[in-house]
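A.B. asks: sequence unavailable; structure follows:
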DNA sequence: GTGATGACGGAAA
DNA sequence: CTTTCCGCCATCA
């Protein structure tokens, strides 16, 4: 199985800084569906709430909304303000885990 | 092996 | 702006 790819995606999610978010498409542009499946199966301790849809809408509705608001993620109505909080995949690769 | 499904994305209407 | 439809990769029945 492609545990390698899944692990790589999870690894990127871990690098998302607090108050920022990324999209499934940025995690794996070639297979956003797979990314979603990975996030859905992600192990505990992973900030999955920082992963939103390409248009900034939330996949887990209110539950996710609360976690994001809690980290001061900028919202634009009921969607995340990607212009301010989106972290491109390239940036994720450069950010360190701390 | 075939077909349906998903925490998706983008284009078209 | 919203809704609809098709395409994408991998997993599961």
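C.D. replies: Alright, I've got the coordinates. Fair warning: this is a prediction, and the values are worked out from it, not measured in the lab.

A.B. asks: wait, doesn't residue A:79 sit right on residue A:54?
C.D. replies: No: the pair residue A:79 and residue A:54 fails to qualify as a contact (CB atoms under 8 Å) at a distance of 10.6 Å. Using the backbone N, CA and C atoms, a C-beta is placed for each residue, glycine as well.

A.B. asks: beyond the longest helix along chain A, next helix or strand please.
C.D. replies: Longest helix in chain A by number of residues (criterion: DSSP state H): helix A:3-15. The first helix or strand that comes after helix A:3-15 along the chain, using DSSP states H and E, is strand A:22-23.

A.B. asks: neighbouring contacts of that following strand?
C.D. replies: A:12-13, A:16, A:50-54, A:82, A:86-89, A:92 (CB atoms under 8 Å, 6 or more residues apart in numbering).

A.B. asks: if any of these are buried, give me the ChimeraX selection for them.
C.D. replies: This is how ChimeraX selects the buried members of the contacts of strand A:22-23, with burial counted by 16 or more other CB atoms under 10 Å:
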select /A:12,13,16,50,51,52,53,82,86,87,92
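
A.B. asks: in strands, which of the contacts of strand A:22-23 fall?
C.D. replies: A:51-52 (DSSP state E).

A.B. asks: and the nearest residue to residue A:92 once chain neighbours are set aside, what does it touch?
C.D. replies: Excluding its sequence neighbours, the residue lying closest to residue A:92 (CB to CB, 6 or more residues apart in numbering) is residue A:12, at 4.6 Å. Counting by CB under 8 Å, 6+ apart, residue A:12 makes contact with A:22, A:27, A:89, A:92-93.
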